[in-house]
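**Q** Here's a sequence, model it:
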Amino acid sequence: MGAEAPAGALPSLAEAQAWVGSGLDAVGGERVGRVEGLYADAEAGTPAWLVVALGGGGGRRFALRRRRAKSVALPIRECAAMPGRVWTAQPATALRAAPPIDPSRPLLREHELAICAHYGIGEAAGRHAEVTGRPQGKITAHPATAN
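**A** So this is what the prediction gives:
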């Protein structure tokens, strides 16, 4: 995975793309799903959200349920990777209650603000602060593709 980033630093797009396919553990160690993609900022191209398919912690049972899995966006700033797994500071209950997304479609400003509100990201912090000044109805994040 390369050198460790300074505390609070976002991973590069390439580093975040390497997380795709990893299992996801919520705070407390509960296995809640698998990283299936990510969103990048529409202007800067930096990673903004992980796309997580909820349902189990991976493995064979998860693969069998994958078609029915709910996809949610997860703030990448609240995640850390280790070999084969990604950990989030969010509890499993918050992930399960998160608004569903269609990972093939871009996110509009309003979508991102609703997701930020769900996770308690205030107006002056993180992703909320980055998109709040952008025009209403504007695409603010798009599915990131491998280079």
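
**Q** for the chain, what's the longest strand?
**A** strand 31-41 (DSSP state E).

**Q** tell me the SS of the most centrally placed residue in the chain?
**A** For the chain, the residue nearest the mean C-alpha position is Leu50 (2.0 Å; CA atoms, centre = their mean). Going by DSSP: H, G, I helix; E, B strand; the rest coil, the secondary structure assigned to Leu50 is strand.

**Q** Excluding residues flanking it in the chain, which one is nearest it?
**A** Leu74 (4.5 Å; CB to CB, 6 or more residues apart in numbering). Just so you know, the C-beta spots here come from the backbone N, C-alpha and C atoms, and that holds for glycine as well.

**Q** For the helix or strand where that neighbour lies, what does the pLDDT average out to?
**A** With elements delineated by DSSP states H and E, Leu74 resides in strand 71-75, which encompasses its position. What strand 71-75 shows for mean pLDDT is 95.

**Q** swap in stretch 79-93?
**A** For stretch 79-93, the per-residue pLDDT averages 92.

**Q** Ok, stretch 48-65 next?
**A** Averaged across stretch 48-65, pLDDT comes to 67.

**Q** Can you mark which positions in whichever helix in the chain runs longest are buried?
**A** Here the longest helix in the chain is taken by residue count, with DSSP state H as the criterion, and it is helix 109-119. If you call a residue buried by 16 or more other CB atoms under 10 Å, then helix 109-119 has these buried ones: 109, 111-113, 115-116, 118-119.

**Q** ok, now stretch 41-53?
**A** Using 16+ other CB under 10 Å as the burial criterion, the residues of stretch 41-53 that qualify are 41-42, 46-53.

**Q** Which one of the residues you listed is nearest to Cys79?
**A** Proximity of the buried residues of stretch 41-53 to Cys79 was ranked by CB to CB; the top entry is Leu50 with 6.1 Å.
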